[in-house]
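Novice: Below is the sequence, then the predicted model.
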Amino acid sequence: MLPSQHFIFGFIFSLLLYPIFGLGSLIILLSTIFIDFDHAIIYSWKFKDFNLKRMYKYFRHYNGKEKVLCIFHTAEFLILIFILGLFYKLFLLISFGLLFHVVLDAYEFFTPRSYLKRISLFFRL
Ligand SMILES: [Zn+2]
């Protein structure tokens, strides 16, 4: 999912949670967006390049060609942050944002249209 889409959905999600968490919903929004920082780590590590435009292009056309582990998107990382959240509210808010982001990514990954994109030239256009 594009960063702009994550921002829009994250903004709506954090707005819905504002009555419960107040300004803490801002932490949820930020964590919804900055979880993708692991992409920057992977790209800059692999290509020794810190150019955001080229990084964006690389992952935009990435389509899962290579096996890349995005560490902040893993279940283990989410569980770790959630466990920390049991002791510190900040991490609980972060875990909500991370979980929301991963659910959006998973939704996009498993929608019929995204599946068709993987198996059809027509849907890739
Ligand atoms: Zn993501």
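Specialist: All right, it came through fine. Computed from a prediction, not measured in an experiment: that's the story for all the values here.
Novice: When you work out contacts or count neighbours from here on, use the C-alpha atoms and nothing else.
Specialist: Fine.
Novice: hey, which helix is longest across this protein?
Specialist: Counting residues, the longest helix in the chain under DSSP state H turns out to be helix 89-110.
Novice: packing partners for the helix or strand hosting residue 79?
Specialist: Here residue 79, judged by DSSP states H and E, is contained in helix 75-85. When contacts are defined as 3 or more CA pairs under 8 Å, 6 or more residues apart in numbering; DSSP states H and E, helix 75-85 sits against helix 89-110.
Novice: so residue 27 sits right up against residue 93, yeah?
Specialist: Yes. Taking contacts as CA atoms under 8 Å, residue 27 lies within contact range of residue 93: 6.3 Å.
Novice: So which residues of the protein form strands?
Specialist: Here the chain has no strands by DSSP state E.
Novice: Can you tell me which helix or strand of the protein has the lowest average pLDDT?
Specialist: One helix or strand of the chain scores below all others by mean pLDDT, DSSP states H and E: helix 121-124, with a mean of 64.
Novice: related to what we said a few turns ago, in the helix holding residue 79, what's buried?
Specialist: By 16 or more other CA atoms under 10 Å, the buried positions in helix 75-85 come out as 78, 81, 82, 84, 85.
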